[in-house]
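A.B. asks: Could you look at this predicted model? Sequence included:
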Amino acid sequence: MTQPVTSSTPGITRPNSHSESQRTVQRIVVLGGGFAGLYVVQWLEKLFKHHAGVEITLMSRNNYFLMTPFLFEAGSGVLEPRHAVTPVRRIFKRARFIEAEVEKIDLEKKCALGRHAPGGHEYEIEFDHLVLALGGVTNRSLIPGADQAIAFKTLGDAIFLRNKIIDLFERADAEEDPEVRRRLLTIVVIGGGLVGVELMGELTEFIDNLLRSYPRLSREFVRFVLVEAHERILPEMEESLARYAAERLWRRGVNLITGTRVQRIERGKIVLPAKEAGDGQSVEIEAETILLAAGIAANPLLATLPVEKARNGRVVVDGAMRSKQHPWLWALGDCALIPDPKGNPYPPLAQHALREARVLAHNVAAAILGREKEIKPFVYETMGMLASLGHYDGVGRIGPVRVRGFLAWWVWRTYYMLQMPRIERKLRVVMDWTVALLFKNDVAKLDLFGERHPTHQDEPNQVERIKGAEIARSSKEIMSK
Ligand SMILES: Cc1cc2nc3c(=O)[nH]c(=O)nc-3n(C[C@H](O)[C@H](O)[C@H](O)COP(=O)(O)OP(=O)(O)OC[C@H]3O[C@@H](n4cnc5c(N)ncnc54)[C@H](O)[C@@H]3O)c2cc1C
């Protein structure tokens with residue numbers, strides 16, 4: 001691999017630009033290091049093990065790979081948050097990694113622009129083949145005021161949610177007004193699909209464990225509300241399985257509101273349409289914790305690309321995951337619309353993304369090696385689908401077999417543990433689970449923000465109050481001199 005070449009343009013590094021004499025090198029750039037991007041790079045490394053003339057670079061926002069199915073447990077303290085991620089630099093053998101936020105993709109010049117941090121160093125990376133694996137973002141366009149809600153997609157979201165809930169319990173513990181306490185301890189999840197249901201399941205377990213440390217608070221002070229626009233939760237699964245999940249959540253005290261679209265979200269409350277009340281009045285549910293799990297939208301960066309896109313903004317590719325306009329442009333995972341043999345799009349799921357990665361790497365290799373005939377479409381029959389409901393409970397289908405209860409929960413956990421890259425991370429995850437079995441969730445608040453915690457963002461915080469008092473005092477002193 002060639003050494004970095006720094007451009008003459010001040011402030012911009014061109015990590016993979018070559019002089020004309022070096023132009024025989026083929027540069028594959030992968031954008032996004034999630035399930036899709038990470039596995040593509042791993043497969044490309046294997047396929048080009050003995051090809052020094054091929055450079056593989058991954059550019060992604062974080063220097064770790066996040067195992068999203070473990071996000072719920074990272075958020076509840078069952079898993080140490082760091083154990084839900086794996087550092088990419090420990091996974092790659094020869095591929096290059098650049099930690100940067102991709103800000104622009106220039107398909108004409110065949111380069112991508114990334115920035116290390118807001119206002120930070122810029123990179124311009126050139127490519128011969130580009131793989132888009134940028135995933136999606138939480139869909140905030142469906143509900144007015146959705147910016148008020150908390151997303152649940154990144155490691156930061158999980159750490160933030162856990163801190164927020166523990167913080168609210170601390171406040172509720174000292175609160176005497178039952179109405180205020182009720183609001184502090186009301187948790188609303190908007191979206192009853194896979195992510196919303198799993199999140200609610202894990203939260204019920206987390207809060208049951210949390211309550212043991214707050215003897216002044218009891219379960220009846222806590223209110224869980226799950227709102228779903230479809231007539232039932234888990235529309236991804238067959239009805240009998242969804243019924244099982246609904247019953248389990250209901251038994252744990254979750255209020256399930258189905259067939260209802262949230263009208264709007266305001267600070268500290270959600271507003272439901274009139275039909276809920278039956279008297280023409282819309283219903284307001286006051287809650288300090290409002291979580292949004294109502295689907296994903298396309299990565300906004302894709303909107304800037306002059307290529308065919310579906311209505312939901314995902315890049316349309318053929319069955320081989322290649323752009324119809326540019327034979328050197330590829331896309332997969334949540335940011336791509338990949339048709340199955342019947343023309344239906346594959347769902348945005350991790351189990352698909354990691355399998356798409358293998359086929360896409362094979363296809364890129366075939367294109368680079370001039371074996372166009374070997375390029376093949378991605379064909380995959382879903383193995384099944386499982387959802388963890390917390391409390392050692394789960395539900396789903398493995399092939400033709402429906403599974404419920406502990407077995408479903410165990411299979412779900414084991415499957416994703418085995419998908420976790422690196423034996424060291426697998427071990428850490430298993431150890432965390434074992435410790436959690438014996439000692440229950442850790443309730444210590446990892447307050448990364450100190451007094452400037454975002455849950456207090458609209459209140460003058462302690463530091464500002466002290467600073468304010470100091471400024472007032474010193475200005476008085478100056479005036480009196
Ligand atoms: C909480 C949760 C639980 C889930 N559970 C399951 C499950 O149990 N089973 C299942 O099959 N699926 C599950 N999914 C869905 C699954 O995570 C996705 O389908 C999968 O992650 C898609 O992979 P991807 O690589 O396309 O996108 P992602 O995994 O989202 O990866 C995209 C990557 O691109 C990076 N990126 C994005 N924009 C930029 C930018 N501008 N610059 C630089 N980098 C950028 C991101 O940081 C990320 O690393 C879950 C999703 C969530 C949120």
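C.D. replies: That came through, no problem.

A.B. asks: anything in whichever strand or helix holds residue 161 near the ligand?
C.D. replies: Residue 161 belongs to helix 155-174 when elements are defined using DSSP states H and E. No - using C-beta under 6 Å from any ligand atom, helix 155-174 never reaches the ligand; the gap is at least 8.1 Å. Where you see a C-beta, it was placed from the backbone N, CA and C, and this is true even at glycine.

A.B. asks: Just the residues contacting the next helix-or-strand element following that helix, thanks.
C.D. replies: Scanning forward in sequence from helix 155-174 by DSSP H and E, the next helix or strand is helix 178-184. For helix 178-184, the surrounding residues in contact (C-beta atoms under 8 Å, 6 or more residues apart in numbering) are 168, 171, 172, 175, 217, 221, 223, 268, 286, 287, 288.

A.B. asks: Now do the helix holding residue 161, average pLDDT.
C.D. replies: Helix 155-174 carries an average pLDDT of 93.

A.B. asks: hang on, the earlier thing: so which of the contacts of helix 178-184 comes closest to the ligand?
C.D. replies: residue 287 (20.0 Å; C-beta to the nearest ligand atom).

A.B. asks: What's the local residue count around the nearest residue to that closest one once chain neighbours are set aside?
C.D. replies: Excluding the flanking residues, the one nearest residue 287 by C-beta to C-beta, 6 or more residues apart in numbering is residue 186, at 3.9 Å. Other residues near residue 186 number 23, with proximity taken as other C-beta atoms under 10 Å.

A.B. asks: Kindly report the same for residue 40.
C.D. replies: 32.

A.B. asks: For the closest residue to the ligand within the stretch 101-250 of the chain, grab phi and psi.
C.D. replies: Per C-beta to the nearest ligand atom, the residue of the stretch 101-250 of the chain with the smallest distance to the ligand is residue 135, at 2.5 Å. Main-chain dihedrals, residue 135, degrees, to the nearest 10: phi 60, psi -160.

A.B. asks: Now do the contacts for it.
C.D. replies: Neighbouring residues of residue 135 by C-beta under 8 Å, 6+ apart: 32, 34, 36, 296, 299, 333, 334, 335.

A.B. asks: so how many other residues sit close to the first one?
C.D. replies: By other C-beta under 10 Å, the residues close to residue 32 number 26.

A.B. asks: before we move on, what about the third one?
C.D. replies: Taking other C-beta under 10 Å as the criterion, the count of residues near residue 36 is 30.

A.B. asks: was I right about it contacting residue 351?
C.D. replies: No - using C-beta atoms under 8 Å, residue 36 is not in contact with residue 351; the gap is 11.6 Å.

A.B. asks: contacting residues around whichever strand or helix holds residue 40?
C.D. replies: Per DSSP H and E, residue 40 falls inside helix 35-47. Applying C-beta under 8 Å, 6+ apart, the external contacts of helix 35-47 come out as 28, 30-31, 33, 54, 56, 58, 60, 65, 68, 88, 91-95, 131, 133, 135, 332-335, 350, 353-354, 356-358, 360-362, 364-365, 421.

A.B. asks: For that helix, the averaged confidence score.
C.D. replies: Average pLDDT, helix 35-47: 97.

A.B. asks: which strands and helices sit next to the helix or strand following that helix?
C.D. replies: Heading C-terminal from helix 35-47, the first helix or strand you meet, by DSSP H and E, is strand 54-60. Strand 54-60 is packed against strand 26-31, helix 35-47, strand 96-99, strand 122-126, with contacts defined by 3 or more C-beta pairs under 8 Å, 6 or more residues apart in numbering; DSSP states H and E.
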